[in-house]
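Colleague: dropping the sequence and predicted coords here.
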Amino acid sequence: MRLLVIGGAGYVGSHGVRVLEGAGHEVWVYDNLSRGHRSAARADRLIVGSLHDQPLLESVLRDRQIDAVLHYAAFALVGESVGNPAMYYHNNVIGSYHLLEAMRASGVQNLIFSSTTAIFGEPEKTPIAEHFPKQPINPYGFTKLVMERMLDDYAQAYGMSFVALRYFNAAGAHPSGEIGEDHTPESHLIPIVLQVALGQREKITIYGNDYPTLDGTCIRDYIHVDDLADAHLLALDHFAPGKGLKLNLGTGRGHSVKEVIDCCRAVTGHPIQAEVGERRPGDPSALVADPTLAKKTLGWQPRYNTLLPIVETAWNWHQKHPHGYGD
Ligand SMILES: NC(=O)c1ccc[n+]([C@@H]2O[C@H](COP(=O)([O-])OP(=O)(O)OC[C@H]3O[C@@H](n4cnc5c(N)ncnc54)[C@H](O)[C@@H]3O)[C@@H](O)[C@H]2O)c1
Ligand SMILES: O=c1ccn([C@@H]2O[C@H](COP(=O)(O)OP(=O)(O)O[C@H]3O[C@H](CO)[C@H](O)[C@H](O)[C@H]3O)[C@@H](O)[C@H]2O)c(=O)[nH]1
């Protein structure tokens, strides 16, 4: 297929591109590089442009005869969304609206959308299945829920076909160490802990140890970016006109913040100084996926089932690229 990967110069998207190209698809990356990296994408396949540039999107969709769009582009930091919701509604909702309209105008009907567990808010129990109540507790999660609803409506009214993949916590890096996670500022747990091991930070602050979990720290389901990429590849076989699929992507296993730090100590051999700080606003205590439906529907099976090899791939990337992409 001829695929347009919006946000393909970012962390999760760049890993998706590798898997899609490896499977023989013709892949074009469309990214405004606001948070991505030029060198994370192939120079001859990168189109620099914004979601907001609907005319450019339309011409790319038509000229490249695109069969399906993979939409990874968004702002995705919970704390930032709480402080600056306008920026999130503008980029994630209005930007996505321009993409959907460009697709409608150019007759491209198939979309895979990067959704998130943040649409569930603070779930009453785990693991989280697809039908659980959607009660986002921050603007970021709400923007993604709005987009899921827009997709339902576009499917029903205009015959669009979509697969919304709700990632839990994306982690790890391509085993080659050529691409990986590089956000500025970095807010994600694993890269921050590994920056301590690299000597770039003095310590890691654990955001709260009074949560109702076994060791008092938050629990998350860390899913390898290549496993997310595999799910996108499989999802390409599940487009049906006027229909949509929404699937939770995680391993089904949760790890506490303390467990993640211990795992990073084991992988790096560094003592990694940690201190307990205040809770971070907007953090649910435990988010673990029930991946049953995704496995059954897509025939998907995560390759990385434990935290250790996930952290090992991340450490490989950070050691090879201590300053990320360097741009
Ligand atoms: N990282 C996670 O743990 C996680 C979890 C759940 C869902 N997600 C979702 O997955 C997607 C990718 O996340 P990520 O961690 O790779 O983020 P990222 O910031 O690394 O990548 C996002 C990419 O989109 C691009 N982009 C942003 N706004 C754009 C615009 N208006 N026009 C064109 N390009 C634009 C950025 O430049 C960047 O390259 C996001 O939609 C995010 O909400 C991520
Ligand atoms: O310095 C830090 C950084 C994080 N944490 C904790 O580590 C856990 C994971 O935090 P991350 O920031 O790595 O990830 P989040 O769970 O906040 O968010 C990620 O997953 C969300 C859904 O769960 C969204 O999709 C979001 O885009 C994505 O970044 C949280 O309990 C957080 O409180 C710390 O204790 N110290």
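Modeller: Yes, it's here. All figures in this text were calculated on a predicted structure; none of them were measured in a lab. Ligands and ions are numbered 1, 2, ... in the order given.
Colleague: do stretch 288-305 and ligand 1 meet at all?
Modeller: No - shown here: stretch 288-305 not in contact with ligand 1 (Cβ under 6 Å from any ligand atom), separated by at least 11.0 Å. The way it works is simple: take the backbone N, C-alpha and C, and place the C-beta from them, glycine included.
Colleague: end to end on that stretch, go ahead and measure it.
Modeller: Taking Cα to Cα, to the nearest Å, stretch 288-305 runs 13 Å from one end to the other.
Colleague: give the rounded mean pLDDT of it.
Modeller: Averaging pLDDT along stretch 288-305 yields 97.
Colleague: buried sites along that stretch?
Modeller: Neighbour-count burial for stretch 288-305, with 16 or more other Cβ atoms under 10 Å as criterion, is recorded at 288-291, 293-295, 297-298, 300, 302, 304.
Colleague: can you pull out the helices in this structure?
Modeller: 11-22, 54-63, 78-83, 85-88, 95-106, 139-158, 189-197, 225-235, 257-268, 292-298, 307-320 (DSSP state H).
Colleague: out of the ones you listed, nearest to Glu130?
Modeller: Glu130 lies closest, by Cβ to Cβ, to one member of the helices of the chain: helix 292-298, at 5.6 Å.
Colleague: what's the burial count for the residue of the stretch 151-300 of the chain found nearest ligand 2?
Modeller: Nearest residue of the stretch 151-300 of the chain to ligand 2 (Cβ to the nearest ligand atom) works out as Cys218 at 3.0 Å. Per other Cβ atoms under 10 Å, the neighbour tally for Cys218 reads 25.
Colleague: if I look at it, how far off is Gln65?
Modeller: Using Cβ to Cβ, to the nearest Å, we find Cys218 at a distance of 45 Å from Gln65.
Colleague: same deal with Tyr158?
Modeller: 20 Å.
Colleague: repeat that for Ala129.
Modeller: Per Cβ to Cβ, Ala129 is found 38 Å from Gln65.
Colleague: looking at the two, which one has more neighbours?
Modeller: Taking other Cβ under 10 Å, Ala129 and Gln65 do not tie; Ala129 has more neighbours (15 against 10).
Colleague: show me what Leu287 is bridged to.
Modeller: Beta bridges link Leu287 to Arg220, judged by DSSP bridges.
Colleague: test my guess that it contacts Pro123.
Modeller: Yes - Leu287 is within contact range of Pro123, at 7.2 Å (criterion: Cβ atoms under 8 Å).
Colleague: can you pull the contacts of Pro133?
Modeller: Counting by Cβ atoms under 8 Å, 6 or more residues apart in numbering, Pro133 touches 120-121, 123-124.
Colleague: likewise Val5?
Modeller: Contacts here follow Cβ under 8 Å, 6+ apart; on that basis Val5 touches 13, 16-17, 20, 27-30, 69-70, 72.
Colleague: which among those residues gets closest to ligand 2?
Modeller: Of all the contacts of Val5, ligand 2 sits closest to Tyr72, with 11.4 Å by Cβ to the nearest ligand atom.
Colleague: from what I can see the closest one touches Gly13, true?
Modeller: Yes - the criterion here is Cβ under 8 Å, and Tyr72 meets it with Gly13 at 3.7 Å.
Colleague: quick one: name the residues of the chain near ligand 1.
Modeller: Contact residues (Cβ under 6 Å from any ligand atom) of the chain with ligand 1: 7, 9-13, 31-36, 50-52, 72-74, 76, 91, 95, 114, 116, 167, 169-170, 183.
Colleague: contacting residues for Asn32?
Modeller: Counting by Cβ under 8 Å, 6+ apart, Asn32 touches 48-51, 73.
Colleague: for PyMOL, what selects the buried ones among these?
Modeller: In PyMOL, a selection of the buried entries from these looks like this (16+ other Cβ under 10 Å):
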select buried, resi 49+50+51+73
